[in-house]
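Engineer: Please work out how this folds:
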Amino acid sequence: MDKPTRVLFVCLGNICRSPTAEGIFRALVSRRGLKHQFEIDSCGVGDWHIGRAPDNRAIMAARRHDIDLSGLRARQIVPEDLQNFDRVLVMDSQNLSDVMDLWRVHGGTRPELFLDYAPSAGVREVPDPYYGGDDGFERVIELIYEASQGLLADLTGTKV
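Structural biologist: Sure thing, here's the model as predicted:
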């Protein structure tokens, strides 16, 4: 059996965007019967929220789409992640810059902007909804869902 493709989603604190991406991508993979083909995780570049559950607004927004984030816990990216994951997908240009700094020192998988897998979205960054209202979390879900479909199509060589 082939080893699973390992996918890592990265945002600032790992309590809004990246756990949402982890949950949505897991759901898409599961719905396609491909769970055995993937290992999926998320993390943040900062250490402020290590061990905490996702933001309650992210949990509630995901729940409205039948996705459960409540069991996820925040962690910070470590250099080994760049060696262990096949795809490292970041949410915005600042996250990309931070992870690129790590990559330049340690090598491994080169990080990429996640929304590059959603070219029709019209934006390249998933906006951080932390300081906004509930509508920001819904927008994040829309963008992440579209990029997740594109990523899954790219990884499997099929249409989603």
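Engineer: just for this protein, where's the confidence low?
Structural biologist: 1, 160 (pLDDT under 70).
Engineer: Please, where are all the strands along it?
Structural biologist: 5-11, 38-44, 87-90, 112-113 (DSSP state E).
Engineer: Quick one, which of these gets closest to L96.
Structural biologist: Nearest to L96 among the strands of the chain is strand 87-90; the distance by C-beta to C-beta comes to 4.7 Å. For every residue, glycine as well, the C-beta is placed using N, CA and C.
Engineer: Which elements pack onto the closest one?
Structural biologist: Strand 87-90 sits against strand 5-11, helix 93-106, strand 112-113, helix 134-156, with contacts defined as 3 or more C-beta pairs under 8 Å, 6 or more residues apart in numbering; DSSP states H and E.
Engineer: A118 is in contact with A153, isn't it?
Structural biologist: No. A118 lies out of contact with A153 (C-beta atoms under 8 Å); the separation is 10.8 Å.
Engineer: Neighbour count for these two, which is higher?
Structural biologist: Legend: neighbour count by other C-beta atoms under 10 Å for A118 and A153, higher for A118 (22 against 13).
Engineer: now that one: how far from R32?
Structural biologist: 18 Å (C-beta to C-beta, to the nearest Å).
Engineer: What of G132?
Structural biologist: For G132, the distance to R32 - C-beta to C-beta - is 32 Å.
Engineer: List the contacts of stretch 22-41.
Structural biologist: 1-2, 4-9, 42, 62, 65-69, 72, 85, 141, 144-145, 148-149, 151-152, 155-156, 160 (C-beta atoms under 8 Å, 6 or more residues apart in numbering).
Engineer: Now do that stretch: distance from first to last residue.
Structural biologist: Distance between the two ends of stretch 22-41: 6 Å, counting by C-alpha to C-alpha, to the nearest Å.
Engineer: Ok, stretch 75-85 next?
Structural biologist: 15 Å.
Engineer: I would like the residues contacting it, please.
Structural biologist: 6-8, 10, 14, 41, 43-47, 50-51, 88, 99, 102-103, 105-109, 111.
Engineer: before we move on, what about stretch 122-134?
Structural biologist: Against stretch 122-134 from outside (C-beta under 8 Å, 6+ apart): 11-13, 15-17, 21, 55, 57-58, 60-61, 91-93, 113-116, 136-137, 139-140, 143-144, 147.
Engineer: and the closest residue to R57 other than its chain neighbours, how many neighbours does it have?
Structural biologist: Of all residues not flanking R57 in the chain, F137 sits nearest, at 5.1 Å (C-beta to C-beta, 6 or more residues apart in numbering). F137: 22 surrounding residues under other C-beta under 10 Å.
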